[in-house]
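Student: Provided below for reference: sequence and predicted model.
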Amino acid sequence: MPQLDKVTYFSQFFWLLVFFLSFYVICLKIILPSISTILKIRTKKIDSMSSEMNVLKEEQNSILSTYDTVLLQSFSESRKALQTVISQSNDWMVSSIRNVNSTSFANANHSYLSTINDINKEKLAFSKIDNLVKE
């Protein structure tokens, strides 16, 4: 077997050690420190971003709560304003109807009531006559 030849065994072992040790030193001194610094920078960025995200979330929550309170307050004020407008319009309508009935339709109402009274008198008289006839 040529790989176990005693003449070339030492030279193969030597070059194997040289390449692997050089690769190990390069990895240990150059590649691994750069990877570790990159990872440290990434973790710092992530930590700073997460703290900023927390601050932004708190600000968003405060803005939303303020928005909700302002919205509820405006709804209650608009409801109160609408209720006052409705009550004022109802009061105005009742007073207007009373005013119109007392001024413009006073004669018409009087004649209407007297006509109803006359009709009721006639019905009463006819019912009495009808009762007398039936007896």
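Tutor: Thanks, I have it.

Student: hey, where'd the helices end up in this protein?
Tutor: Using DSSP state H, the helices of the chain run over 6-26, 32-103, 106-134.

Student: what's the angle from the last one to helix 32-103?
Tutor: Spelled out, that is helix 106-134. Helix 106-134 runs at 70 degrees relative to helix 32-103, counting by axes from the mean of the first three to the mean of the last three Cα atoms, to 10 degrees.

Student: Check the shortest one too.
Tutor: Interaxial angle, helix 6-26 versus helix 32-103 (the same axes, to 10 degrees): 40 degrees.

Student: So which elements touch helix 6-26?
Tutor: Counting contacts by 3 or more Cβ pairs under 8 Å, 6 or more residues apart in numbering; DSSP states H and E, helix 6-26 is packed against no other helix or strand. (Glycine included, C-beta is placed from N, CA and C.)

Student: Quick one: mean pLDDT for that helix?
Tutor: If you average the pLDDT over helix 6-26, you get 89.

Student: Fine, thanks again, bye for now.
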